[in-house]
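Chemist: Sequence plus predicted model, see below.
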Amino acid sequence: MSKRFYITTAIDYVNGQPHLGHAYEKVIADVIARSRRALGEEVFFLTGLDEHGQKVQQAAQADGKSAQAYCDELAVSWQSFVTKLGLTNDDFIRTTQPRHKEVVQAILTKLHAEGHFYQAPRDGFYSTKEETFVTEKERLPDGTFPASYGEVVQLSETNWYFKLGAHQQWLIDHIEANPAFIQPDYRRNEVLGFLKHNTLEDLCISRPAARLTWGIPIPFDPAYVTYVWFDALVNYISVPAALGDSTVCGATNAQLSLWPADLHVIGKDIIKFHAVYWPIMLKAMNLPLPRQLLVHGWWQKDGEKISKSTGNIVDPVAIIDDWGLDAFRFYVVRELDIGPDGNWTDAGFAARYQAELANGLGNLVNRSLSMLKRYRNGVVPARHDELAPVAAQAAADTVAHLRASELQKALHSLWTLVTRANQYVDQTAPFKLAKDPAQAARLDEVLYNLVESCRVLAVLLNPFIPGTSAKIYAQLNLPGPADQFALAAWGGLPPGQTIGEPAALFPRRDAPKA
Ligand code: ME8
């Protein structure tokens, strides 16, 4: 039994419908998961829903439903969203599932017995939106709290706290000794700066059942439910535990090895939970830490915050219905590197579609296959290696970037082959060669190079736009799926093979629909 490459996304709050930010995160995780499989690795890809907490309880109340009924209804549309995005997740966690709740309670019981918790009163300010106490330090000069906290109310209550004092220094040491632990580097520096210049306050891990019933009961004190973040973070190990993972369960005959996670893909707003609280929780449980937190930025639309209340939203489902799944997957990965913030504009989306997918990739594949059909009756000529070095370099660079989860760079590398092959058509002018019988051998060479380049592209593009990869393979009349990078080696197209019918991959469009 070998350890699988274990990749997770954040689990989304079920207090509304999925938006562009959720879609982006899930797509980048899926591209990484598919890339790892294409490298021949065994992968376990987990995503799911964060269903407890006051936000969800309030949304359910506003909808006149019980919290469970509300979550059950929304979970259906979130699960169909996963299908809509073409995700290859191996499991889907809902934090209301018994398999998860049992693990959270077992952890709480153990940590309590080992003396990690204490009970104490606290007067303070509380943000429901962020499900957290807000400190005086966070007040703005005008006395209010930052808008990101939403409504802040004064609260006086007794809760259970997790002692963090003993954990600060080892965590700093760990982050310093393991530069890959938090990526990109500037996020790592942010966390280090925070840890070096602040004393960690103990983490409040309970909420009184009197004000919040929608949570996992604290097993040693029924007057409380578990703080939603303590509950949510545990999802990364509750699924392995439920599946019998050897590290988490301590089982020696386990069939599965998942933990530690190789990659937690998360947004920049939840870095503190993942880079500070989660490692400390794991350390207290004597479990190894995840290998990497990959922190992505946030999308805006037209330079403004995406917000339901102002109507400034991008509906990924509508975009996919209109433009196709692969156009959406391609755009989000190509447009925004993992790290900085991005800006969605409909015009930018349409421009990339037209330039890179319709005129770039689509045109290359369509004209290459159409010429083979027209000039050689669709039969692949003898192998020729003129573009082999370019293809080999593109493949090597693409794969190296994918190993480092550098998805945008991988697409840049891959596109060197698209660009070179399109240029090759213009330079060799097969339509002119076809008119001159003396150039028949040269036309064979050119056609092989073009059609084989299309095949190599289908392989390299597979993790990003699997539907298009499958269409290219089908048009080449090759058995798919093209989902192993080993297939990108030049010469995979057998001479004598008769290809299928060429069809436009990305039909040209004039302007985005209103
Ligand atoms: O934070 N652009 O859930 P969530 C990019 N339940 N990413 C965005 C985004 C945007 N505009 N808006 C949100 C939670 N995200 C918790 C996570 S994990 C144990 C618990 C990202 O539904 C956000 O950064 O508010 C986060 O990674 C994910 O969407 C879910 O956000």
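Modeler: Perfect, thanks for sending it.

Chemist: pull the helix or strand with minimum mean pLDDT from the protein.
Modeler: Evaluated with mean pLDDT, DSSP states H and E, the helix-and-strand set of the chain has its lowest mean pLDDT in strand 132-134, which scores a mean of 86.

Chemist: Let me see the mean pLDDT of the helix or strand following that strand.
Modeler: For strand 132-134, the following helix or strand on the C-terminal side (DSSP states H and E) is strand 152-162. Within the predicted structure, the mean pLDDT of strand 152-162 is 94.

Chemist: so how far is strand 152-162 from its chain's centroid?
Modeler: 34 Å (CA atoms, centre = their mean, to the nearest Å).

Chemist: Paired strands for it, with orientation please.
Modeler: The strands beside strand 152-162 in its sheet (DSSP bridges) come out as strand 117-127 (antiparallel), strand 203-204 (antiparallel).

Chemist: Using CSV, write down the CA coordinates of it.
Modeler: The C-alpha trace of strand 152-162 is given here as CSV (Å, rounded to 0.1, in the frame of the first residue of the first chain):
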residue,chain,number,x,y,z
VAL,A,152,-20.3,43.0,15.3
VAL,A,153,-22.3,42.5,18.5
GLN,A,154,-21.2,42.7,22.1
LEU,A,155,-21.2,39.3,23.8
SER,A,156,-20.6,38.1,27.3
GLU,A,157,-20.3,34.4,27.6
THR,A,158,-18.4,31.4,29.1
ASN,A,159,-16.8,29.1,26.6
TRP,A,160,-14.2,26.3,26.2
TYR,A,161,-10.7,27.4,25.0
PHE,A,162,-7.9,25.5,23.4
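
Chemist: In that strand, which residues are buried?
Modeler: Neighbour counts over strand 152-162 (16 or more other CB atoms under 10 Å) mark 152, 157, 159-162 as buried. All C-beta spots, glycine's among them, are computed from the backbone N, C-alpha and C.

Chemist: Now do the contacts for the residue in the stretch 251-400 of the chain that the ligand sits nearest to.
Modeler: For the stretch 251-400 of the chain, the nearest residue to the ligand under the criterion CB to the nearest ligand atom is Gly267, separated by 1.7 Å. Neighbouring residues of Gly267 by CB atoms under 8 Å, 6 or more residues apart in numbering: 10, 21, 25, 295-298.

Chemist: Kindly report the same for Ile465.
Modeler: Contact partners of Ile465, counting by CB under 8 Å, 6+ apart, are 326, 329-330.

Chemist: could you say which helix or strand contains the nearest residue to it once chain neighbours are set aside?
Modeler: Nearest in space to Ile465, with sequence neighbours left out and distances taken as CB to CB, 6 or more residues apart in numbering, is Asp326 at 3.8 Å. Element membership of Asp326, judged by DSSP H and E, is helix 325-335.

Chemist: do that helix and the ligand meet?
Modeler: No: judged by CB under 6 Å from any ligand atom, helix 325-335 makes no contact with the ligand; its nearest approach is 9.7 Å.

Chemist: Could you list the buried residues of whatever helix or strand comes next after that helix?
Modeler: Heading C-terminal from helix 325-335, the first helix or strand you meet, by DSSP H and E, is strand 342-344. With burial defined by 16+ other CB under 10 Å, the residues of strand 342-344 counted as buried are 342, 344.

Chemist: ok, strand 342-344 near the ligand or not?
Modeler: No: residues of strand 342-344 are not located near the ligand by CB under 6 Å from any ligand atom, the shortest gap being 7.7 Å.

Chemist: who does that strand pair up with?
Modeler: Using DSSP bridges, the neighbouring strands of strand 342-344 in the sheet come out as strand 299-301 (parallel).

Chemist: Residues contacting the strand it pairs with, please?
Modeler: 20-21, 24, 306, 312-314, 336, 341-345.

Chemist: Could you pull up the mean pLDDT of it?
Modeler: For strand 299-301, the mean pLDDT works out to 96.

Chemist: Return the distance of it from the chain's centre.
Modeler: 17 Å.

Chemist: So is that strand next to the ligand?
Modeler: Yes: using CB under 6 Å from any ligand atom, we find that strand 299-301 touches the ligand at Trp299.

Chemist: Which element is encountered next along the chain beyond that strand?
Modeler: For strand 299-301, the succeeding helix or strand toward the C-terminus, using DSSP H and E, is strand 304-305.
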